[in-house]
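In: quick check, what structure comes out for this input:
(one chain, ligands or ions: 1)
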Amino acid sequence: MDPERKHNRKPFVGGNFKMNGSRAMLKEIIDRLNTLELKNHVEVVISPPTLYIDQAHKSVREGISIAAQNAFNCTKGAYTGEISPEQLKDVGVDWVILGHSERREIFKEADDFVASKVAHALKCDLKVIACIGEKLEEREANKTEEVVIRQLQAIAKNIDDEKKWEIVVIAYEPVWAIGTGKVATPEQAQEVHVIIRKWLAENVSEKVAQETRIIYGGSVNDANSPELAKQLDIDGFLVGGASLTEKFIKIIECFIPPEDRKSK
Ligand SMILES: O=C[C@H](O)COP(=O)(O)O
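Out: Residues are numbered from 1 along each chain as shown. As a prediction, the model looks like this:
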């Protein structure tokens, strides 16, 4: 681990492709990623649309994992269009993104529903990238902390076994920064990450607070990622748009020492 980071959390970079791509595009992205020398410096997880999970799983190099973009809160049954954590595990998926703001907003997923999906995924040992974040009007009304903690609290309430926190990554994604090109400043992001970590220390445990990776998402690109990555409490990124492009390599390389980088 980089001694400058003063903690032992392994950096984590996720690529959320959302509803983008094709077989050909996925091949291009994965071919690029397969050239990286990760050497255990950083954990990389990609999240293609469900249809392409199998293709990704079969072609991606060892050391890069796959995340689903959603999962339901039941094992099986008459839930047309849904996928269970058990089914994801069955096809070799390790991670799932839950609580993304697009699911909260467009598909009206409430805090308790998100929390029930987190609980079920964790019960199946499916690792969870749990997303939280405030909207612009909430930030402007000074409600960032209130909103982020309300969302976090709902999730934490459903995690009854402290050990399960080892397979949770929290993604702080201010909604106003997602897909807008308007990135949070390193200071703004760091400030919220500190609030989240403090809440974990006071309400779960100091150990969970110190060990849980808190990553930032929202218009991360190759230009803004180096400064964001320097913040003590930013343990990585959840990248949307830029994860479909060559910029993703540079973003991942923020956490790789220069001598091990592909692009020197
Ligand atoms: O899951 C990723 C986030 O929604 C960020 O998306 P973006 O990088 O396109 O802003």
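In: what segments of this structure are helices?
Out: 23-33, 53-59, 85-90, 101-106, 111-123, 136-140, 144-157, 186-203, 206-211, 225-229, 247-253 (DSSP state H).
In: which bits of the stretch 51-200 of the chain sit near the ligand?
Out: His100, Glu173, Ile178, Gly179 (CB under 6 Å from any ligand atom). For glycine as for every other residue, the C-beta is placed from the backbone atoms N, C-alpha and C.
In: from those residues, which would you call buried?
Out: Buried residues within those, counting neighbours by 16 or more other CB atoms under 10 Å: His100, Glu173, Ile178.
In: between those, which sits nearest Glu227?
Out: The closest of those to Glu227 turns out to be Glu173 (CB to CB; 17.7 Å).
In: count of neighbours near Val91?
Out: 13 (other CB atoms under 10 Å).
In: I meant to write Glu253 there.
Out: Neighbour number of Glu253 under other CB under 10 Å is 25.
In: what's the distance between it and Val148?
Out: Here the criterion is CB to CB, to the nearest Å. By it, Glu253 lies 29 Å from Val148.
In: and Val45, by the same measure?
Out: The value you get for Val45 to Val148, if CB to CB is used, is 22 Å.
In: Ala110 now?
Out: Applying CB to CB to Ala110 and Val148 gives a distance of 16 Å.
In: the two: who's more crowded?
Out: Per other CB under 10 Å, whichever of Ala110 and Val148 has more neighbours is Val148, with 22 against 10.
In: of all of this protein, which residue lies closest to the ligand?
Out: Gly240 (2.2 Å; CB to the nearest ligand atom).
In: my guess is that residue contacts Ala177. True?
Out: No. Checked against CB atoms under 8 Å, the pair Gly240 and Ala177 is beyond contact range at 10.1 Å.
In: pull the number of nearby residues for Asp31.
Out: Count around Asp31 with other CB under 10 Å applied: 12.
In: ugh, typo on my part, it should be Asp222
Out: 18.
In: name the nearest residue to it, sequence neighbours excluded.
Out: Lys250 (3.7 Å; CB to CB, 6 or more residues apart in numbering).
In: same check on Gly63?
Out: Leu38 (5.1 Å).
In: got it, and Thr180?
Out: Ser219 (6.0 Å).
In: correct me, but Val96 touches Ser84?
Out: No. Applying CB under 8 Å, one finds Val96 not in contact with Ser84, separated by 10.4 Å.
In: returning to what we had before: just the helices of the chain: most buried one?
Out: helix 247-253 (a mean of 22; mean count of other CB atoms under 10 Å).
In: and Ile129, how close does it get to Pro174?
Out: Distance from Ile129 to Pro174, by CB to CB: 16 Å.
In: and for Asn8?
Out: Taking CB to CB, one finds Asn8 at 27 Å from Pro174.
In: quick one, which of those two is more surrounded?
Out: Between Asn8 and Pro174, counted using other CB under 10 Å, Pro174 has the larger neighbour count: 28 against 8.
In: got the phi/psi numbers for that one?
Out: When read as degrees, to the nearest 10, the backbone of Pro174 gives phi -60, psi 130.
In: and Asn20, how many neighbours does it have?
Out: 14.
In: that one and Ala242: what is the separation?
Out: Asn20 sits 12 Å away from Ala242, going by CB to CB.
In: which ones are touching Ile252?
Out: Val13, Leu36, Leu38, Val42, Val44 (CB atoms under 8 Å, 6 or more residues apart in numbering).
In: give me the common contacts of Val96 and Ser84.
Out: What both Val96 and Ser84 touch, as defined by CB under 8 Å, 6+ apart, is the set Ala71.
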